[in-house]
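*Asks:* Have a look; sequence and predicted model below, questions after that.
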Amino acid sequence: MADILHSVEIEEIRDEFPILAQRVHGKPLVYLDNAATSQKPRAVIEALNNYFTHYNANVHRGVHVLAERATKAYEDARKAVARFLNARSSSEIIFTRGTTEAINLVAYSWARNNLKKGDEILLTYMEHHSNTVPWYQVCEQTGATVRRIELNKDGTLALEHLDTLISDRTKLVAIVHCSNALGTINPVRAIADDAHKKGALLLVDGAQSTPHMPVDVQAFDCDFFALSGHKMCGPTASGVLYGKRALLEAMPPFMGGGEMIKEVHFDRAVYNDVPWKFEAGTPNIAESIGLGEAVRFLEKIGMARIRQHDVELTGYCLEKLQQMPEVNILGPLDAQQRGGLVSFTFGDVHPHDIAQVLDQEGVAIRAGHHCTMPLHRKLGIAASARASFYLYNTREEVDAFIEALKKAKKVFGACPTGRALGY
């Protein structure tokens, strides 16, 4: 087992995040909304500032010094991400604005050109809307249909009949690696093996897993992998689509314009090589450079160590929450089976009210359906509250979160007893 982050080291890490030093409503900020977006270390902030201050220029198009420096930094970031994901080549890394755009790229470029009436897309009930709505749109245009893998009572996937659920009609399996609502970590390699036996492709939504644990796209044998930079210490509007090169080469461009072409004639265009074929126009240069710096920052700490820190904090939080009869925890109760987040309901109190009371105590959590409305409908609840952790959070902050929940109980009075999952 990898070493966890020790308290002195965590304090050193926290010092790298200027925003964490502030107070909210007179209380020290306890930021537990990392599943929505993470905070940014000085190295990333300085990388953005350095680009705009010293070599702000477009990439791939100029021969002057600033353009050459910008191009090198941009492509170095691509190489850093390829290394981070263990892609075979940096040409398999396409810069996007995030997971949503990455999945839509596959939907528009691959699915619309390969699916037809009678074909099936297999999802789960825990998918984020970003990995749901694009497939509904594909089905509307192609006549394909969506099927879903059922959930077990503990919030894990019911995979015992997966080999029959994936049929010859299944052309794509699109699953989340780590659920942003249940926290469940799904066995993507086993699902990839079953999908490939039937000739289906596997797309993995890695928005919640990539910031928190080692990711190896070759070991997963996934065909596509999407991630968001802003959840892993990088800037907003930064993200990546990884795709196996043979697939990317066969796919038509997502958008047309500058950069994604080699030649434009009076009546036709010759498209650029991958990955630039999918990066039309001026790309998100600064954001991608910032993402590259975020990757280097995380690598210095070590993803295995970050994962163990998540497990320790999540396990501690689960232990504390289970001592509160009002709390209904969503997802597995074993921290080893889940990512660094805990979603819950608090008796009959609306999650938004819980979040508002916690905010007064300086504790930032998320409340709502977390862009997983089908999941919440499946669980029979309208919304949930979510505390999500990252490498800079501490056990003391978990304690502050628990104490804030106790104050919320005093505000709202007695609450009915919680249940295991909410079915």
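*Replies:* In hand now; what should we look at?
*Asks:* wait, is residue 71 part of a strand?
*Replies:* No: Residue 71 is assigned helix when assessed by DSSP: H, G, I helix; E, B strand; the rest coil, not a strand.
*Asks:* in the stretch 151-300 of the chain, which spans are strands?
*Replies:* All strands of the stretch 151-300 of the chain, identified by DSSP state E, counting those that start in this stretch, fall at 170-176, 201-205, 224-228, 239-243, 261-264, 269-271.
*Asks:* Take these and lay them out in JSON lines including mean pLDDT.
*Replies:* Below are these laid out as JSON lines (pLDDT from 0 to 100):
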{"stretch": "strand 170-176", "mean pLDDT": "98"}
{"stretch": "strand 201-205", "mean pLDDT": "99"}
{"stretch": "strand 224-228", "mean pLDDT": "99"}
{"stretch": "strand 239-243", "mean pLDDT": "98"}
{"stretch": "strand 261-264", "mean pLDDT": "95"}
{"stretch": "strand 269-271", "mean pLDDT": "96"}
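*Asks:* Could you point out which of those sits nearest residue 287?
*Replies:* strand 239-243 (8.5 Å; CB to CB). Heads up, the C-betas are built off the backbone N, CA and C, glycines and all.
*Asks:* Pull out the buried positions in that closest one.
*Replies:* 239, 240, 241, 242, 243 (16 or more other CB atoms under 10 Å).
*Asks:* buried ones in stretch 109-117?
*Replies:* Buried residues in stretch 109-117, counted by 16+ other CB under 10 Å: 109, 110, 111, 114, 115.
*Asks:* what about that stretch, average pLDDT?
*Replies:* On average, the pLDDT along stretch 109-117 is 98.
*Asks:* if we look at it, which residues are touching it?
*Replies:* For stretch 109-117, the external contacting residues (CB atoms under 8 Å, 6 or more residues apart in numbering) are 121, 135, 138, 141-144, 171-172, 201, 224, 247, 251-254, 278.
*Asks:* Buried only: go through those for me.
*Replies:* Buried, going by 16+ other CB under 10 Å: 121, 135, 138, 142, 144, 171-172, 201, 224, 247, 251, 253-254, 278, out of these.
*Asks:* In terms of distance to residue 305, which of those ranks first?
*Replies:* For the buried ones among the contacts of stretch 109-117, the nearest to residue 305 is residue 224 (27.8 Å; CB to CB).
*Asks:* give the contact list for the closest one.
*Replies:* Here residue 224 is in contact with 102, 106, 110, 201, 202, 203, 204, 241, 242, 243, 244, 247 (CB under 8 Å, 6+ apart).
*Asks:* And residue 316, by the same measure?
*Replies:* 395, 398.
*Asks:* Give me the pLDDT value at the residue located most distally from the centre of the chain.
*Replies:* The C-alpha centroid of the chain is most remote from residue 266, which lies 42.0 Å away (CA atoms, centre = their mean). With respect to pLDDT, residue 266 scores 97.
*Asks:* from now on call the first residue 76
*Replies:* Noted, 76 is the first residue going forward, which turns the last one into residue 341.
*Asks:* Return the distance of it relative to residue 335.
*Replies:* 19 Å (CB to CB, to the nearest Å).
*Asks:* what's the answer for residue 150, then?
*Replies:* For residue 150 relative to residue 335 (CB to CB), the value is 16 Å.
*Asks:* and if you look at residue 162?
*Replies:* Shown here: residue 162 relative to residue 335, a distance of 20 Å by CB to CB.
*Asks:* Between these two, which is the more surrounded one?
*Replies:* Counted by other CB atoms under 10 Å, residue 162 and residue 335 do not tie: residue 162 has more neighbours, with 23 against 20.
*Asks:* Which of the strands of the stretch 226-375 of the chain sits closest to residue 485?
*Replies:* Between the strands of the stretch 226-375 of the chain, strand 245-251 lies closest to residue 485; by CB to CB that is 36.3 Å.
*Asks:* and the angle from that closest one to strand 299-303?
*Replies:* 30 degrees (axes from the mean of the first three to the mean of the last three CA atoms, to 10 degrees).
*Asks:* partners of strand 245-251, with directions?
*Replies:* Strand 245-251 pairs in its sheet with strand 195-199 (parallel), strand 276-280 (parallel), by DSSP bridges.
*Asks:* For the first one, what does the pLDDT average out to?
*Replies:* So that's strand 195-199. 98.
*Asks:* isn't residue 261 right up against residue 237?
*Replies:* No: using CB atoms under 8 Å, residue 261 and residue 237 do not qualify as a contacting pair, with a distance of 11.2 Å.
*Asks:* Between the two, point out the one with more neighbours.
*Replies:* residue 261 (23 against 18).
*Asks:* Please enumerate the strands of the stretch 76-225 of the chain.
*Replies:* Going by DSSP E, counting those that start in this stretch, the stretch 76-225 of the chain shows strands at 98-99, 102-103, 105-106, 168-171, 195-199, 220-224.
*Asks:* looking at those, which is buried most?
*Replies:* Compared across the strands of the stretch 76-225 of the chain, strand 168-171 shows the largest average neighbour count, a mean of 26 (mean count of other CB atoms under 10 Å).
*Asks:* Kindly reformat the strands paired with strand 245-251 as JSON lines and extend each row with distance to residue 257.
*Replies:* Converted to JSON lines, these look like this (distance: least, CB to CB, whole Å):
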{"stretch": "strand 195-199", "distance to residue 257": "10"}
{"stretch": "strand 276-280", "distance to residue 257": "13"}
